[in-house]
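Provide a 3D model corresponding to the input given below.
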Amino acid sequence: MGQIDGFLQHNRQEASKRKPATRIKDNKEFVKAFTPAQATEQAGRCMDCGVPFCHQGCPLGNLIPDFNEAVHQRQWESAYRILAETNNFPEFTGRICPAPCESSCVLSINRDAVTIEEIEKTIIERAFSEGWVHPKLPKWRTGKRVAIVGSGPAGLAAAAQLNSVGHAVTVFEKDDRLGGLLRYGIPDFKLEKWVIDRRIELLTQEGVDFRTGVHVGVDFTVDQLRAEYDALLLAVGATVPRDLPIPGREARGVMYAMEYLTEHNRFVAGDEFAPKTRIDAKDKHVIVIGGGDTGSDCVGTANRQGAQSVTQLQYRPAPGKDRPAGNFWPDEPMIFSATSSHEEGCDRQWSILTKGFTVSNGEVTGLKVVELDWIDPATRNFKEKPGTETVLPCDYAMIAIGYQHPDPVGLLKDVNAPLNNWGMVEVDPNMRTSIPGLFAAGDAQRGQSLVVWALADGRKAARSIDEYLMGESHLVQNEMSAVVISE
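Numbers count the residues shown, from 1 in each chain. I've put the predicted structure just below:
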């Protein structure tokens, strides 16, 4: 342990950001990187706990105290090797993971947690700049072929793992570009797309075969796919959004959040849209319905498009500043927080129920809402406050209230994938379905979740597929293990 009292000597330091008034003028990432000195100081705050609960918080099982120690000792290459042992894509998680590891940091019991996510990002970007990240071709090929449907984080993680042990991996993506949710669901101001392209290029050089614009179940049958490949992994995400069935829902200007985010990401990527058909919030009154990360991304996007006003509605009551009863460490604290998008300008309203849209000539003009008086949030027991009904001006409304399950038609129907009561692909703890050779990973079997969970699921599925094909697997399991740091 490099600095026993580091957490006493140094306060938590967040990465600096460009000012909101400046960053909303473009779609570039605005979080500035740690300097090496900042990273080593912040890594020195790690207590090297006897029981590192950050492992419990990280679905990938990242060896956090180990790479913190390496960074504090300025052993950057060792830090990268440790991080890469459990995480295929730290450049993704270091930017967009909500860092459940930090909620589980022992320091967070009574002070600020270690800045684990920013240290992780600093490590991987240092590794790229130093040339430590380079194509690693498998030593031999097994002769086995694996098809992966979906190029989101789960599919990419599985592809990287399976290719590393010599299987021939083909990734099929129905969109024109690779990345899934990373590409079209995450705004560039959080994850610039060159970060994805950089990793895709490495995977291509390592031998992974990527095929875009191929809709399995439409362009060719699943039977054709299964006849050609020895195993099939479904990593298609949970793409069916939850709707808001209130009067006026069909009006022009009312849309799902992902429609809005996808189009803007395509626009930033250079795709052309007719001015009259593009969803452009400039000088518009925008209402975002839903208080999660997707809703926050809509807020940030509307701000960058120059919206006249941005309002985000949440039907639940606002969380307090302290943990509620029963919400104990090391679980994520259910307390009030604001994202970077909220910092840029947003009217956040809580305990609001949407009643219906007002419509004129087929276009939305407003949203009828009413305030709620909560009796018991745990049981969703509330009543409307008399006299609080009002109409908010609305030119665009983004529905961001979550996702239900993968699309049940097409691919899932053709492959006869077993589904559970919630519409997700049913798998055992090793991501195997009841159909031999058919596996599923990520949101397709878990439901909407975090990118870090998708990566963990993809790695687990890869190990299970490897065992299915070879009888055993030497792929690293995501669990605590000893890592020796060179002196």
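
the longest helix in this structure is where?
Ranked by number of residues, the top helix in the chain under DSSP state H is helix 451-470.

quick one, what contacts Asn87?
60, 62, 93, 120, 455 (CB atoms under 8 Å, 6 or more residues apart in numbering). Placement of C-beta: from N, CA and C, glycine included.

Can you tell me how far the fourth one is from Asp197?
Okay, so that is Glu120. Distance from Glu120 to Asp197, counting by CB to CB, to the nearest Å: 20 Å.

do the second one as well
When CB to CB is applied, the distance between Asn62 and Asp197 equals 24 Å.

Which strands or helices does the strand of greatest length in the chain pack on?
In the chain, taking DSSP state E as the definition, the longest strand is strand 363-376. Secondary-structure packing of strand 363-376 (3 or more CB pairs under 8 Å, 6 or more residues apart in numbering; DSSP states H and E): strand 352-360, strand 381-384, strand 390-393, strand 396-399.

State the number of residues packed around Gly217.
By other CB atoms under 10 Å, the residues close to Gly217 number 19.

Surely it and Gly410 touch.
Yes. Using CB atoms under 8 Å, Gly217 is in contact with Gly410, at 4.0 Å.

where do the contact lists of these two overlap?
Residues touching both Gly217 and Gly410 by CB under 8 Å, 6+ apart: none at all.

Same drill for Asn62 and Asp197, tell me which one is more crowded.
Legend: neighbour count by other CB under 10 Å for Asn62 and Asp197, higher for Asn62 (25 against 14).

Let me see the contact set for the more buried one.
Here Asn62 is in contact with 54-55, 83, 86-87, 101, 120 (CB under 8 Å, 6+ apart).

what kind of secondary structure is it in?
Using DSSP: H, G, I helix; E, B strand; the rest coil, the structure places Asn62 in coil.

pLDDT value on it, please?
You'll see Asn62 listed with a pLDDT of 95.

swap in the one 10 residues further on?
The confidence metric pLDDT takes the value 96 at His72.

Drop anything exposed from the contacts of Asn87.
By neighbour count, with 16 or more other CB atoms under 10 Å, the contacts of Asn87 hold 60, 62, 93, 120, 455 as buried.

ok, now which ones touch Arg74?
36, 40.

Next up, phi/psi of it, please.
With angles defined as degrees, to the nearest 10, Arg74 sits at phi 60, psi 30.

gap between it and Pro36?
Taking CB to CB, one finds Arg74 at 8 Å from Pro36.

One more: Asn88?
24 Å.

ok so, going back, any chance of CSV for the helices and strands packed on strand 363-376, columns distance to Ala158, mean pLDDT and mean neighbour count?
Listed next are these as CSV, based on distance: least, CB to CB, whole Å; pLDDT from 0 to 100; neighbours: other CB atoms under 10 Å:
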stretch, distance to Ala158, mean pLDDT, mean neighbour count
strand 352-360, 39, 98, 17
strand 381-384, 42, 96, 12
strand 390-393, 44, 98, 15
strand 396-399, 31, 98, 26
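
Out of those strands, flag the one nearest Trp140.
Trp140 sits nearest to strand 396-399 of all the helices and strands packed on strand 363-376, at 49.7 Å, using CB to CB.

what pairs with that closest one, and is each one parallel or antiparallel?
When pairing is defined by DSSP bridges, strand 396-399 lines up against strand 254-256 (parallel), strand 285-289 (parallel).

I'd like those as TSV, with mean pLDDT and mean neighbour count appended.
TSV is the format used below for the strands paired with strand 396-399 (pLDDT from 0 to 100; neighbours: other CB atoms under 10 Å):
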stretch	mean pLDDT	mean neighbour count
strand 254-256	98	19
strand 285-289	98	26
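
Comparing Asn88 and Pro36, which shows the higher neighbour count?
The neighbour comparison of Asn88 against Pro36 (other CB under 10 Å) goes to Asn88, with 23 against 13.

Mind listing what's buried along stretch 461-478?
Residues of stretch 461-478 classed as buried: 461-466, 468-469, 473, 475, 478 (neighbour count, 16+ other CB under 10 Å).

For these, which two are the farthest from each other?
Leu469 and Asn478 (19.9 Å).

ok, now how distant is the residue lying farthest from the centre of the chain from Thr115?
Within the chain, Gly387 marks the point farthest from the mean C-alpha position, 39.9 Å out by CA atoms, centre = their mean. Gly387 sits 47 Å away from Thr115, going by CB to CB.
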